[in-house]
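>>> Give me coordinates for this.
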Amino acid sequence: MKLLFAIILTVSILYASEETPTKEEVTKLYVATFNRAPDSAGLEYWTNSSKLMLSQIAQSFFNQPEAQTIYPADTSNIDFINSVYENLFNRLADAEGMDYWKSELDKGAISKDRFIEAVIHGAEDNENSTDAKVLSNKSLAALYYAEAGLEDTPEAKTVISGVTEDVETVGAANTEVDELEHEVHDEVSVDDTDEDNAAEVAYEDDSHQDTSVPAENNTTGTTVGAAAGYTLLAWNDLGMHCFDGSDFSVFSILPPYNNLNAQLITKSGTSNKHITTGVTISYEALSNNGHTNTVSSTKTNFWDYLVSLFPGATSVNDVGLTGNRAPSTTPQNMVYNATNNWWEADGIPLINRDDDNMTNFYPMVRVVAKDSSGVVLATADVVLPVSDEMNCAKCHASTVASTDAKPIAGWENSSDPLKDYKFNILRLHDEKYPINSADLSAVQAKGYTNYKASLYETAKSGTPILCATCHSSNALGTTSIGNAQPLTASLHSKHAGAIDPSNGLTLNSSSNRSACYSCHPGSSTQCLRGAMGSAKDSNGTQMMQCQSCHGSMSDVGNSSRIGWLDQPNCQVCHQGGERHQSALVNGSLRTVLDTTFSTNPNTPASGVSLYRYSKGHGDLKCSSCHGSTHAIFPTSHAQDNIYSQQIQGHSGTVAECTSCHKTVPTTITGGPHGMHTVGQAWVEAHQDVAEHNSTNCKKCHGSDYRGSVLSKTFSARTFKIDDQTKTFNRGDKVSCYSCHNGPNG
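Predicted coordinates for the structure are as follows:
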């Protein structure tokens, strides 16, 4: 009964969900339906060009001549069910499963294409089962074949025919693909004396490269010309972008302004892996789980007031301050930034409302890399998070009970709640900080010629106020006027003593997230949603708050602090094999003793060291593998995790070597953060290293060699050790005692 309930539940979920398919999902349909890997062109068509949902693709597969040949009209349901089970799991259907599915197919309760989807999902839901391992391994091998650009159908069957639950069979299949690829490209004639012609050959020969050395840091780009595998890494820079919302008619703290970065990596070779020329990389709106966001200008009046807020700018609907457009169904090109060694699209004017006007703080885009012929090389589906949950009305609305923030002139009492609290704030600002004539002249000299001595009257006259006009902001690149503090210092220092109406404490004294979430994307958005924000103790109590990294409200508002640049970095918590739950010791940042997990010094400017600009292994940006600030992988939001699932088959840090390498390079300390290779080859070769340099092992495996947080597995892994099979579940700590009796065993 449990099996039947699980099957029924899976089927019901299938009929309820319609999402844009991933390459992995379509690959599994190929394996299940045709018992082969997808050809490169076919996978590209069904995933990106067909514009069909996964269920529609599954249905379309049965209209193809290939499927009609495999399953002629007289194929019995018993034979069909067994064929699918053999294709997916290398076994016939069990009796209980056969009885159920035959009954459902016989009476027409489920179609054959839906049956295939249900069986796939059923295996995926039981991720530790043998079926799930076989399916995952077959999918990995099949996708590797397709991404190598191969098209031969018999070979597509052969390469996955020997794949089992043993991960080593995936490596064997990939080796076979590499050999096939070399055979294909060896037929290409290259005149070694003609460098121009050689550069145009659609293949990068790495057969003579020494794959025993680690991948090197190298910012020199590789010109595209290969029908080889690629990985597209993409991310939002901050993990959340705030903006003022639908109304900009009174004042603005932040406009709609989202930043997207990307790096394209070739899987071939161990050097020159960054693709920087010969390609176009673009972004477009992506529908996900019923959410579609393809336009911004109809959801806010920002473009009506853009020129007033930013004199000299041009207002074009859906075009942001930098000239980049809001995501739509039309791809928008990104540009390559050589200084940062990434592709970028800054200032994307994205709004947190879907096209049906429903709130969505986590809209998605698809980033696409194409070669000069328009052939898709790789894609990445990422979140561009955005929120207007800056709740100034909590204290400044005319309807609040407390009079602490009430202007002397009285509440505005506007019938428009989006304008009401803003006018109250401007009244209060005029009363406490009147603008003198010198400052007004300086403001007008910046192009704000309609500004008056009263900010309230200026807004009432139809000219909205940009707070960063007088208060410098590193986010918008503005400078202060007169004695005005930087915007971040002014806001945080002024509000540190404010009483939080939800708990009666000052915002400065609150030790929980509610203080920050009063103004930053908060209780609904849940901005801090990554691994740190999700960390809980055995009692379910949250272990880290915003203040754990940033300190108190007055700390952030300190006049000596440089907003957006003076930020905590990784090494203050990640050091000495420990993961500290707070960056602070007695109110100051912890002294750095270990730079294994450090951000880059003087990045992006002298004297600062920011995670979002830092790079590590292979010159990959830290965010490309670990996720954005506030959204370090894995996060509590499913949309964030789609990216790493597409790249490596599971959520969390992008940590699988095969994400960026066709074959895993063998290295002792050349991996990310000085790691060794992970995999069967290392298991077989590590004994000599451990015997002669066991001290290094302690960094991750613990001082007693019994494992630590740094030796946890990112995914389930199976190894062969001394003719035995050893399986590790995701999150298991690998130690010297896992396979033998300690370091000397």
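
>>> Show me which helix or strand of the protein is least confident by mean pLDDT.
Within the chain, confidence by mean pLDDT, DSSP states H and E is lowest for helix 195-200 among all helices and strands, at a mean of 30.

>>> which residues are in contact with the helix or strand just after that one?
Downstream of helix 195-200, the first helix or strand assigned by DSSP states H and E is strand 230-236. Residues from elsewhere that reach strand 230-236 (Cβ atoms under 8 Å, 6 or more residues apart in numbering): 147, 258-267, 275, 281, 367-369, 377-380, 382-385, 620-621, 623-625, 627-628, 631, 643, 647, 654, 659-660. For the C-beta atoms, the positions are set from N, CA and C on the backbone; glycine is no exception.

>>> So Tyr451 is in contact with Thr463, correct?
Yes - here Tyr451 reaches Thr463: they are 6.8 Å apart, a contact under Cβ atoms under 8 Å.

>>> More neighbours: which of the two?
Of the pair Tyr451 and Thr463, Tyr451 is the one with more neighbours under other Cβ atoms under 10 Å, namely 25 against 20.

>>> tell me the pLDDT at the more buried one?
pLDDT recorded at Tyr451 is 96.

>>> swap in Asn503?
On the pLDDT scale, Asn503 gets 83.

>>> Would you state the strands of the stretch 401-550 of the chain in chain order?
Listed in chain order, the strands of the stretch 401-550 of the chain (DSSP state E, counting those that start in this stretch) span 465-466.

>>> Could you list the low-pLDDT ranges of the stretch 401-550 of the chain?
Scanning the stretch 401-550 of the chain for pLDDT under 70 picks out the ranges 510-513.

>>> buried ones in the longest helix along the chain?
When the chain is parsed with DSSP state H, its longest helix is helix 167-186. Buried residues in helix 167-186, counting neighbours by 16 or more other Cβ atoms under 10 Å, are found at 167-171, 173-174, 176-178, 180-181, 184-185.

>>> Take the residues you listed and write them to CSV, including distance to Leu232 and pLDDT.
Shown next, in CSV, are those (distance: Cβ to Cβ, whole Å; pLDDT from 0 to 100):
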residue, distance to Leu232, pLDDT
Val167, 25, 82
Glu168, 28, 83
Thr169, 27, 89
Val170, 22, 86
Gly171, 23, 83
Ala173, 23, 88
Asn174, 20, 85
Glu176, 25, 86
Val177, 20, 85
Asp178, 21, 79
Leu180, 24, 80
Glu181, 20, 70
Val184, 23, 53
His185, 22, 45
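
>>> nearest to Ala681, of those residues?
Nearest to Ala681 among the buried residues of helix 167-186 is Gly171, at 8.5 Å by Cβ to Cβ.

>>> can you pull the contacts of the residue lying closest to the closest one once chain neighbours are set aside?
Using Cβ to Cβ, 6 or more residues apart in numbering and skipping residues adjacent in sequence, the residue nearest Gly171 is Gln680, 7.3 Å away. By Cβ under 8 Å, 6+ apart, Gln680 lies in contact with 167-168, 171, 719-720.

>>> Count the neighbours of Asp244 for me.
With other Cβ under 10 Å as criterion, Asp244 counts 23.

>>> Equivalent analysis for the one 4 residues further on, please.
The burial metric for Phe248, expressed as a neighbour count using other Cβ under 10 Å, is 24.

>>> thought it was touching Tyr305?
Yes - shown here, Phe248 and Tyr305 form a contact pair, counting by Cβ under 8 Å, at 4.6 Å.

>>> what touches both of the two?
In contact with both Phe248 and Tyr305: Pro464, using Cβ under 8 Å, 6+ apart.

>>> before we move on, back to that, look up phi and psi at the residue nearest to Gly171.
phi -60, psi -40 (degrees, to the nearest 10).

>>> Sounds good, over and out.
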